[in-house]
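K.L.:
could you look at this predicted model? Sequence included:
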Amino acid sequence: MLSSIVLQLTAKENGRIHGSTGRAVHGFWYQQWQKTAPAIANVLHQVNGHQPFTLSPIMDLPHPQRGTTTIRQGHTAWLRLTTLHPEITQRALETWLPNLPDTVELATIPWQLQNIALMPQEHPYAAQTSYQTLEEKTPPSQTWQFEFKTPTTFHIGQEAYLPFPLPGALVNSWWRRWHNFAPRQLPPIDQKLLQEQLFVSHYQLKTVPVRHGRRLTIGCVGKITLRAGKRQADKLSAETLRTLAILARYATYCGSGKHTTQGMGLTILD
């Protein structure tokens, strides 16, 4: 089971937020687990050695001025969390969500929890599905358009990051998450052929800094379109195209690139 949950919030007081809010959401997530199910909190880092969830920052905030965001009482916002492992999803729905308080503190500001959205009818980024459904119900395609709603970057070296979503880096980030958490593996992808036959056909991206204390990471936000090549020689097989289509839908849950548990890489398939 995969879950995308949106918490809709209203600020109860005026306040100021310094820097990004991804770490604040991350701390809130863990604190709530410690209160409601400490055993789950202790294993969130240990599912196949990877974290089986993603967290957005607080979304729909005013534009910051010199790194500071001013919040007025009554301002509405939301945050999104996804769970990628069946056990974590079940415990989140049965334990974590029902025990949320009416008022949550995020980035030193108290927020009224107005609604918990689980389905698209309640919020466009809320949804519930399963790995099996993604495999069985994903239609074939050769073109995919994505929007990166939060800054997205890719680790390319010891301390180096690339704030541009190269096709291979995107697919490999989704592939790793699928193979860490899905009950059934997808067919392997020929990396050389992928590099030669999956292209960026259009993009509208801009770079955005993400500040967490002294850490500064540069990511990109905006839209990108990937297209599979149509060359007859060495073209991508129908099986590979199907795998790419499944991973493209999975990206909406698993995010892209680095620091997806701290507010980065929120990816939406248009």
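P.N.:
Perfect, I can see it now.

K.L.:
show me the shaky parts of the protein.
P.N.:
46-49, 230-234 (pLDDT under 70).

K.L.:
now the strands for it?
P.N.:
2-11, 15-18, 53-55, 68-71, 76-83, 103-106, 109-117, 127-129, 143-152, 154-155, 161-162, 198-212, 215-228, 267-269 (DSSP state E).

K.L.:
can I get those in JSON lines including mean neighbour count and distance to Phe181?
P.N.:
All C-beta atoms are positioned from the backbone trio N, CA, C, and that covers glycine. JSON lines is the format used below for the strands of the chain (neighbours: other C-beta atoms under 10 Å; distance: least, C-beta to C-beta, whole Å):
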{"stretch": "strand 2-11", "mean neighbour count": "22", "distance to Phe181": "9"}
{"stretch": "strand 15-18", "mean neighbour count": "16", "distance to Phe181": "32"}
{"stretch": "strand 53-55", "mean neighbour count": "26", "distance to Phe181": "10"}
{"stretch": "strand 68-71", "mean neighbour count": "16", "distance to Phe181": "33"}
{"stretch": "strand 76-83", "mean neighbour count": "21", "distance to Phe181": "9"}
{"stretch": "strand 103-106", "mean neighbour count": "16", "distance to Phe181": "27"}
{"stretch": "strand 109-117", "mean neighbour count": "17", "distance to Phe181": "23"}
{"stretch": "strand 127-129", "mean neighbour count": "16", "distance to Phe181": "13"}
{"stretch": "strand 143-152", "mean neighbour count": "21", "distance to Phe181": "20"}
{"stretch": "strand 154-155", "mean neighbour count": "18", "distance to Phe181": "20"}
{"stretch": "strand 161-162", "mean neighbour count": "16", "distance to Phe181": "24"}
{"stretch": "strand 198-212", "mean neighbour count": "15", "distance to Phe181": "23"}
{"stretch": "strand 215-228", "mean neighbour count": "18", "distance to Phe181": "23"}
{"stretch": "strand 267-269", "mean neighbour count": "18", "distance to Phe181": "16"}
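
K.L.:
closest one to Asn180 among these?
P.N.:
Smallest distance to Asn180 across the strands of the chain (C-beta to C-beta): 11.9 Å, for strand 53-55.

K.L.:
sounds good, over and out.
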